[in-house]
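> following is a predicted model, sequence given first.
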Amino acid sequence: MTDLYERRGGEQVYQPAEDSDLLARAAARRLGGDERVLDVGTGSGYVAATVAAATGARVIGADVSPLAVREARERGVPVVRADLLDPFRDGAFDAVLFNPPYLPTDPAHEWDDWMERALSGGPDGRRVVDPFLADVRRVLRPDGRVFLLVSSLTDVETVRETGRENGLDGEVIAEESFPFERLVVLELRAV
């Protein structure tokens with residue numbers, strides 16, 4: 001066991017927190033039982049399992065971390081080891097959920113472990129959000145939707161503008177404020 005592992009308190013998979021719960025509740029209110037859903041960056045599998053249980057939708061998880069894949073499977077979530085959307089075919093999903101790493105982080109202070117990949121969004125918090133928005137339309141059915149959690153720390157309007165540049169637009173469907181940030185769930189559709 002490394003010193004770094006001990007400093008993280010032994011955790012290497014992002015565990016459900018306020019952001020995970022906000023995304024799960026918002027998506028569950030909007031999805032139905034006949035939909036096929038992808039949960040990108042599934043982590044522990046909490047969002048995927050919660051949405052599947054609440055709606056009856058068929059939810060598949062995807063995560064780049066082998067530790068997260070194992071934990072999500074233990075939670076009963078069908079999961080694929082994947083870097084964002086790479087292995088999925090065009091038009092495969094009715095909806096895609098994503099609670100991305102969004103915390104702005106100075107690269108000089110990033111740690112080299114799986115938890116850092118789950119938390120750090122790079123200097124502007126959008127290092128993973130931008131490539132996700134550039135590709136997500138490809139895996140959506142024509143009337144598909146994206147449920148994306150973002151933070152005021154990542155600049156919500158810049159994220160929405162990036163979505164529009166990639167043919168996606170929508171609205172805020174849930175939000176919650178905390179002392180240091182406001183969390184927002186965007187529902188985006190192809191325009």
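Everything's here; your move. Numbering: from 1, shown residues only.
> can we go C-alpha only for contacts and neighbour counts from here?
Will do.
> so what strands line up beside the lengthiest strand in the chain?
When the chain is parsed with DSSP state E, its longest strand is strand 140-151. Note on strand 140-151: by DSSP bridges, its sheet partners are strand 93-98 (parallel), strand 182-190 (antiparallel).
> averaged pLDDT, the last one. What do you get?
To tie it back to what came earlier, the one meant is strand 182-190. In this model, strand 182-190 has a mean pLDDT of 96.
> could I get it in PDB with only the CA atoms?
Listed next in PDB are the C-alpha coordinates belonging to strand 182-190 (Å, rounded to 0.1, in the frame of the first residue of the first chain):
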ATOM      1  CA  ARG A 182     -23.600  25.400  -7.500                       C
ATOM      2  CA  LEU A 183     -24.300  22.000  -9.000                       C
ATOM      3  CA  VAL A 184     -26.400  21.900 -12.100                       C
ATOM      4  CA  VAL A 185     -27.900  19.100 -14.200                       C
ATOM      5  CA  LEU A 186     -28.300  20.000 -17.900                       C
ATOM      6  CA  GLU A 187     -30.700  18.000 -20.100                       C
ATOM      7  CA  LEU A 188     -29.400  18.500 -23.700                       C
ATOM      8  CA  ARG A 189     -30.900  17.300 -27.000                       C
ATOM      9  CA  ALA A 190     -29.700  17.400 -30.500                       C
END
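> biggest helix in this protein by residues?
Criterion DSSP state H: the longest helix present in the chain is helix 18-30.
> packing partners of that one?
helix 46-55, strand 140-151, strand 168-177, strand 182-190 (3 or more C-alpha pairs under 8 Å, 6 or more residues apart in numbering; DSSP states H and E).
> can you rerun that using 10 Å?
helix 46-55, strand 93-98, strand 140-151, strand 168-177, strand 182-190 (3 or more C-alpha pairs under 10 Å, 6 or more residues apart in numbering; DSSP states H and E).
> so which elements touch whichever helix or strand comes after that helix?
The first helix or strand that comes after helix 18-30 along the chain, using DSSP states H and E, is strand 36-40. Applying 3+ C-alpha pairs under 10 Å, 6+ apart, we find strand 36-40 packed against helix 46-55, strand 58-63, strand 79-81, strand 93-98, strand 140-151.
> tell me which strands strand 36-40 pairs with, and in which orientation.
strand 58-63 (parallel), strand 93-98 (parallel).
> could you dump those strands to TSV with mean pLDDT and mean neighbour count?
Putting those into TSV (pLDDT from 0 to 100; neighbours: other C-alpha atoms under 10 Å) gives the following:
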stretch	mean pLDDT	mean neighbour count
strand 58-63	97	25
strand 93-98	98	25
